[in-house]
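K.L.:
coords please:
(one chain, ligands or ions: 1)
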Amino acid sequence: MLPKIQETADYLKNIINTNPKIGIILGTGLGNLVTQLTETIEIPYEKIPNFPISTVEGHSGKLIIGKLGNTEVLAMQGRFHYYEGYDMKQVTFPVRVMKAIGIDTLLVSNASGGMNPEFEIGDLMIINDHINLFPEHPLRGKNFNELGTRFPDMSEAYSKELIAKAKEIAIKNDIHVVEGVYVGTTGPTFETPAEYKYFRIIGGDAVGMSTVPEVIVANHSGMRVFGISIITDLGVPGKIVEVSHEEVQEIGNKVQPLMTLIMKELVDSL
Ligand code: HPA
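P.N.:
Coordinates of the predicted model:
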């Protein structure tokens, strides 16, 4: 794995002549932030050595290097999901590469189903913790000390400092945000009512099919992490209706400009 990470990092370093310290992973259909980037270089995933190829509908699958405000960032438009058939090393490979090119802060976004009865469709949830329910752990297997420690601490998987800053930004811009625990599951099925109930009982506020693997690897790599989730449907008893990928994307589209604003100002403040 180490030579592959290095090969991909070298490939990217040769193309980009900047030195981004901030990486951004944009979730399903959540590419709006990319429209705010200037001085961009776009690299489709197919062209990047050792990168898996994104297959899910609504993902365009490219790396975009550019400036968000005055700050250099490297953004992934589209991510690799476990349910697509990739193994966890593939799902999290881009995070390893980010670290290898010097990125130390990771911003992630996703769409999720809300289980917290106070939540509404279209809410933005700042992720303050997660529960990993994926059947395979991204750090299972031989540990490479060059990448991180064998038993990484996860007591602050999502940076408290970044959460506090994001909340200030939301208040300043009059954006309603909620906060909570993201449950990461395999998918690709949405939850049954009993599963939503179970995820609520174990302490979840929202559930989705991504993010947790990347955040684990980012923590293993010593990066600080900020995550935000768009609540696209509700897994709350009495409010559960049929969900589709299209609806998830439609709600995501509506709310993304607010999420972009928070992320942009957060990046500005770093
Ligand atoms: N469950 C899992 N993943 C999701 C959901 C959901 O309800 N909504 C958007 N992504």
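
K.L.:
C-alpha from now on. contacts and neighbour counts both.
P.N.:
Fine.

K.L.:
any idea how far N143 lies from V241?
P.N.:
Note on N143: its distance to V241, by C-alpha to C-alpha, to the nearest Å, is 43 Å.

K.L.:
again, but for M209
P.N.:
Taken as C-alpha to C-alpha, the span from M209 to V241 is 19 Å.

K.L.:
and those two? Which one has more around it.
P.N.:
Legend: neighbour count by other C-alpha atoms under 10 Å for M209 and V241, higher for M209 (24 against 12).

K.L.:
touching, the more buried one and P188? I think so.
P.N.:
Yes: here M209 reaches P188: they are 7.3 Å apart, a contact under C-alpha atoms under 8 Å.

K.L.:
tell me how many other residues crowd the residue nearest to R96 when sequence neighbours are not counted.
P.N.:
Of all residues not flanking R96 in the chain, I5 sits nearest, at 6.6 Å (C-alpha to C-alpha, 6 or more residues apart in numbering). Number of residues near I5 (other C-alpha under 10 Å) recorded here: 22.

K.L.:
need the pLDDT of I5.
P.N.:
If you check I5, the pLDDT there is 97.

K.L.:
quick one: which helix or strand includes it?
P.N.:
helix 2-15 (DSSP states H and E).

K.L.:
show me what contacts the most centrally placed residue in the chain?
P.N.:
Residue closest to the mean C-alpha point of the chain, counted by C-alpha atoms, centre = their mean, is V108 at 2.9 Å. Going by C-alpha atoms under 8 Å, 6 or more residues apart in numbering, V108 touches I24, I25, L26, G27, T211, V225, F226, G227, I228.

K.L.:
who are the packing partners of the lowest-mean-pLDDT helix or strand in the chain?
P.N.:
Scoring the helices and strands of the chain by mean pLDDT, DSSP states H and E places helix 245-269 at the bottom, with a mean of 90. Judged by 3 or more C-alpha pairs under 8 Å, 6 or more residues apart in numbering; DSSP states H and E, helix 245-269 is in contact with strand 62-68, strand 105-114, helix 160-172, strand 224-234.

K.L.:
which residues does that helix contact?
P.N.:
22, 28-30, 32-33, 68-71, 107, 111, 121-124, 162, 165-166, 169-170, 175, 228, 230, 232-233.

K.L.:
give me the buried positions along it.
P.N.:
248-249, 251-253, 255-267 (16 or more other C-alpha atoms under 10 Å).

K.L.:
how far is that helix from where the chain is centred?
P.N.:
Averaging C-alpha positions (C-alpha atoms, centre = their mean, to the nearest Å) puts helix 245-269 12 Å from its chain's average.

K.L.:
so L74, which of the three states?
P.N.:
strand (DSSP: H, G, I helix; E, B strand; the rest coil).

K.L.:
read off the pLDDT value for it.
P.N.:
97.

K.L.:
beta partners for the residue in the stretch 151-270 of the chain positioned nearest to the ligand?
P.N.:
Nearest to the ligand in the stretch 151-270 of the chain, going by C-alpha to the nearest ligand atom, is G208, at a distance of 3.4 Å. With DSSP bridges as the criterion, G208 is bridged to G184.

K.L.:
run a quick neighbour tally on it.
P.N.:
Neighbours around G208, by other C-alpha under 10 Å: 22.

K.L.:
how far away is it from S229?
P.N.:
Where S229 is concerned, G208 sits at a distance of 9 Å (C-alpha to C-alpha).

K.L.:
give me the common contacts of the two.
P.N.:
N110, A111, S112.

K.L.:
of those residues, which are in range of the ligand?
P.N.:
Restricting the shared contacts of G208 and S229 to those touching the ligand (C-alpha under 6 Å from any ligand atom) yields A111, S112.

K.L.:
noted, bye for now.
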